[in-house]
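Novice: sequence plus predicted model, see below.
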Amino acid sequence: MALTHFDGAGQAHMVDVSEKAVTARVAVAEGFVKMLPETLAHVEAGSAKKGDVLGIARLAGIMGAKKCSELVPLCHPLPITKVSVELETDADLPGVRISATVKTTGQTGVEMEALTAVSTAALTVYDMLKAVEKSMEIGGVRVALKDGGKSGRYEVTE
């Protein structure tokens, strides 16, 4: 499969989507922030010095999705119709699991926006808790579902 963001001369360019059909599109991305149980306890108790970790990270994720085309050079600016970011604590990790769903009706998908939402939310969790723990790990960021457009549906099956 050819890389679409390079022209015949190997130069990076924004893909021309003008001939693509306008369809409903959705993407779901996921990731996590792994931390010590003591750090997670601050999240669950609401005792982090900077405030409501999960609430602020949720808003940051939504804002990140809306800014994706400004951060990733070859992304198209899209009319996003929905962004939802879910954060839940997980004692088995231990840490916070993050999921973002982004929807649009357009000529290209919203995988990058969903990934940016998860990444921004994860960075915000780290920022809000770094005074307590600098060794937190951000990981597992991936597209879990993508649907719509010519390539159809993709879903993680594990």
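Specialist: Done, it's in. Numbering: from 1, shown residues only.
Novice: rest of the way, CA atoms for contacts and neighbours
Specialist: Noted.
Novice: list the contacts of Gly148.
Specialist: Going by CA atoms under 8 Å, 6 or more residues apart in numbering, Gly148 touches Thr23, Ala24, Arg25, Val26, Gly109.
Novice: so where is this structure shaky, pLDDT-wise?
Specialist: 1-3 (pLDDT under 70).
Novice: neighbours around the closest residue to Gly51 other than its chain neighbours, how many?
Specialist: Closest residue to Gly51 apart from its sequence neighbours, by CA to CA, 6 or more residues apart in numbering: Met128 at 7.8 Å. Met128: 21 surrounding residues under other CA atoms under 10 Å.
Novice: so Met128 makes contact with Lys50?
Specialist: Yes. Under the criterion of CA atoms under 8 Å, Met128 is in contact with Lys50, at a separation of 5.9 Å.
Novice: which one of the contacts of Gly148 is nearest to Pro94?
Specialist: Val26 (29.0 Å; CA to CA).
Novice: so Ile98, which of the three states?
Specialist: strand (DSSP: H, G, I helix; E, B strand; the rest coil).
Novice: quick check: bridge partners of it?
Specialist: Gly31, Leu87 (DSSP bridges).
Novice: now do the helices in the chain.
Specialist: For the chain, the helices defined by DSSP state H occupy 37-45, 53-66, 68-71, 111-129.
Novice: and those as TSV, adding distance to Gly31?
Specialist: Formatted as TSV, these follow (distance: least, CA to CA, whole Å):
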stretch	distance to Gly31
helix 37-45	16
helix 53-66	12
helix 68-71	17
helix 111-129	6
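Novice: return the most buried member of those.
Specialist: helix 111-129 (a mean of 26; mean count of other CA atoms under 10 Å).
Novice: right, I'll call it a day here.
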